[in-house]
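In: Mind looking at a prediction? Sequence and model below.
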Amino acid sequence: MVENVDAREKPAASDRTLASRPAPVHTGIAPGERPVKIDVSNLSFYYGAKRALEGISIQLRANLVTALIGPSGCGKSTFLRTLNRMNDVIPGVRVDGSVRIGDRDIYGEGVDVVDLRRRIGMVFQKSNPFPKSIFDNVAYGVRLNHLASSRSELHRRIESSLRAAALWDEVKDRLNDSALALSGGQQQRLCIARALAIEPEVLLMDEPASALDPIATQRIEELIYQLKRTYTIVIVTHNMQQAARVSDVTAFFWLGRLVEADRTDAIFTNPREKLTEDYVTGRFG
Amino acid sequence: MNPAARRKLKSAIFVGCCMFSVLVALVPLAFILFFVVREGIQALNLDFFIRMPRPVGEPGGGMFNAIVGTLIIAGLGSLFAIPIGIMSGIYMAEYGGSRMSSTVRFAADTLNGVPSIVIGVFIYTIAVLPFRQFSALAGGLALGVMMIPIIARTTEELLLLVPGTMREGALALGATRARAVFSVVLPAALPGIVTGVVLALARIAGETAPLLFTAFGNRFFSTTLTQPIASLTVMVFTYAISPYPDWHRQAWAGALVLVSIVLVCSLLARIATRRLERMHGR
């Protein structure tokens, strides 16, 4: 712990832009060139008197996968949940700072949380299919938001969402079966399909594969790779190999602060902060 | 005796005590069932279900009016208690800020413990005295008041068993809080809630005291809600304390029908629960 103190005292990587570091040639991605999708500025978050996030500033860019890593309790899930105001359901929480999506601060006045959540999809750590049929699960958000004007349009949307979540071939003959009869991996892909069906702009994933076996995990990771062509993805993961595999940008959280956010290869091979290096090399956490 | 044998002996004694206690607990049930069936079966025939009571001294007749009356009063009670009970349960589980919901919870538990005769007297003062009229409505109201806390608490407990992730799942898809409750959480808890409602029904179907001053009873057939109405329980009570052996036999038959209703309700609740669970693929 002692050698980490210096790093901890340094300011968080709030003033750095991802573009400031020259892009290594081997990835072919220049995160800084993508448009900013979510602009988080000086965000602090409190559970009652306890501060869970402190002065987070980061720009999340379109059509990239941003991985949030860090030890348990570092605030990465809390941060993810501030992006669609999912923390609102917990009594006694408070938010400072701003989260701009498009040209609006989602914590500003007159923001419709329901509409915000329609635009920012979320997949949870534990798959949470509703006790309804596979079809009705995917149709839930579509019906709720009146996104399909006819029965055939609803069917089209459901098929395309299930295809996008790489689940269609496995369930097309039993759409009316209960979703709870699916395997764990299928359930999680169903939840992804359900989130995709309402065509969000951003997809937030909170450790989507942590409860799955390696094969199901691999399918989810392949899926993430496919999905980033269409969506901006933010994923929380405990698994650093996973962060390295699926993400373009990685943000390292520690004790409620954003220590460093940078291109994933830079974070894992040549981080700026000693603390990041210690974490990614497994010296703590 | 070596220690291992002593431990085994202690264990055997304990298990023996538990089994004995179970037997003692079951003896009253067995006796009740035995006597009710033995006595009731003799007076029970088709006439009992489809005929009206006969005047004293005339043999035969049945309790058709009381059976219909009980159905009407219990139906009124449910009509009144199911929506209020379920809504209160939802409030306690989903909305009540800590203090408010714990107050409501305490109030519900207290109401559940209020002796049924007190509820009868209360309804008498608010729904019978002002109109100078016993009525089926007042009876239904009394039974409804008794059902509300049972249904509310069952609903609350079952809603709290639904994982929070399911609520969040619905919210994350753009559902409002109420929509999430009604379209996802409530259906997930429905099998249990149905059981709770049926058990509440079984419980109040056997109540006599709250009906004595409300529905009162009626020797004649009536389906008018603003008139006194017969009920099985009050009829059994009246017949059982009468001096006529003929009426005593009928009272036993009535008791048998009541016990059967409770039994059938419990069985229905179990079947409904299993059906719904299978539908949900659990």
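Out: On my side now, so go ahead.
In: Remind me which helix or strand the most centrally placed residue in chain B belongs to.
Out: Closest residue to the average C-alpha location of chain B: residue B:203 at 2.3 Å, with CA atoms, centre = their mean. Element membership for residue B:203, per DSSP states H and E: helix B:186-205.
In: Against which helices or strands is that helix packed?
Out: Packing contacts for helix B:186-205, counted by 3 or more CB pairs under 8 Å, 6 or more residues apart in numbering or on different chains; DSSP states H and E, involve helix B:64-90, helix B:136-161, helix B:245-279. Glycine gets a C-beta too; all of them are placed from N, C-alpha and C.
In: next SSE after that helix?
Out: helix B:209-212.
In: what pLDDT, on average, does that following helix get?
Out: The average of the pLDDT scores along helix B:209-212 is 92.
In: Let me see the mean pLDDT of the helix or strand just after it.
Out: Using DSSP H and E, the next helix or strand after helix B:209-212 towards the C-terminus is helix B:232-240. Mean per-residue pLDDT for helix B:232-240: 93.
In: roughly how far out does helix B:232-240 sit from the chain middle?
Out: Distance of helix B:232-240 from the chain centroid (CA atoms, centre = their mean, to the nearest Å) equals 18 Å.
In: and the stretch 101-250 of chain A, which residues reach chain B?
Out: Selection of the stretch 101-250 of chain A residues close to chain B by CB under 8 Å from any CB of the partner chain yields A:114-115, A:117-118, A:121-122, A:124, A:126, A:128-132, A:140-141, A:144-145, A:177-181, A:191, A:194-195, A:198.
In: Would you mind giving me the PyMOL syntax to select the buried ones in the residues you listed?
Out: Only the buried members of these end up in this PyMOL selection, burial being decided by 16 or more other CB atoms under 10 Å in any protein chain shown:
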select buried, chain A and resi 114+117+118+121+122+124+126+128+129+130+131+132+140+141+144+145+178+179+180+191+194+195+198
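In: In a markdown table: the helices and strands packed on helix B:186-205, plus mean pLDDT, mean neighbour count and distance to residue A:75.
Out: Formatted as a markdown table, those follow (pLDDT from 0 to 100; neighbours: other CB atoms under 10 Å in any protein chain shown; distance: least, CB to CB, whole Å):
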| stretch | mean pLDDT | mean neighbour count | distance to residue A:75 |
| --- | --- | --- | --- |
| helix B:64-90 | 94 | 21 | 33 |
| helix B:136-161 | 94 | 24 | 28 |
| helix B:245-279 | 85 | 17 | 39 |
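In: and the one residue in chain A that gets nearest to chain B, what are its phi and psi?
Out: Proximity of chain A to chain B (CB to the nearest CB) peaks at residue A:178, 2.9 Å away. When read as degrees, to the nearest 10, the backbone of residue A:178 gives phi -70, psi 140.
In: Relative to residue A:139, how far out is it?
Out: The gap separating residue A:178 from residue A:139 is 14 Å, by CB to CB, to the nearest Å.
In: what number of residues lie near residue B:101?
Out: By other CB atoms under 10 Å in any protein chain shown, 17 other residues sit near residue B:101.
In: per-residue confidence at it?
Out: Residue B:101 is given a pLDDT of 82.
In: Burial check on residue A:189, number of neighbours?
Out: Neighbourhood size, residue A:189 [other CB under 10 Å]: 28.
In: Using CSV, write down the CA coordinates of the one helix or strand it maps to.
Out: Applying DSSP H and E as the criterion places residue A:189 in helix A:184-196. Presented in CSV, the C-alpha positions along helix A:184-196 are these (Å, rounded to 0.1, in the frame of the first residue of the first chain):
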residue,chain,number,x,y,z
GLY,A,184,-28.0,-18.6,-18.1
GLY,A,185,-26.0,-17.5,-21.1
GLN,A,186,-29.2,-17.4,-23.3
GLN,A,187,-31.0,-15.4,-20.6
GLN,A,188,-28.3,-12.8,-20.6
ARG,A,189,-28.4,-12.6,-24.4
LEU,A,190,-32.1,-12.3,-24.1
CYS,A,191,-31.6,-9.3,-21.8
ILE,A,192,-29.3,-7.8,-24.3
ALA,A,193,-31.9,-8.4,-27.1
ARG,A,194,-34.5,-6.8,-24.8
ALA,A,195,-32.3,-3.7,-24.4
LEU,A,196,-31.5,-3.5,-28.1
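In: which other helices and strands contact it?
Out: Using 3+ CB pairs under 8 Å, 6+ apart, helix A:184-196 is in contact with strand A:120-123, helix A:134-144, helix A:151-164, helix A:168-171, strand A:202-206, helix A:214-227, helix B:164-172.
In: How much space separates residue B:95 from chain A?
Out: Distance of residue B:95 to chain A, computed by CB to the nearest CB, to the nearest Å: 11 Å.
In: Which residues are in contact with residue B:185?
Out: Taking CB atoms under 8 Å, 6 or more residues apart in numbering or on different chains, we find residue B:185 in contact with B:94, B:159, B:162, B:166, B:167, B:170.
In: Just say helix, strand or coil for residue A:95.
Out: Per DSSP: H, G, I helix; E, B strand; the rest coil, the local secondary structure of residue A:95 is strand.
In: Which positions are bridged to it in the beta structure?
Out: Counting by DSSP bridges, residue A:95 is bridged to residue A:45.
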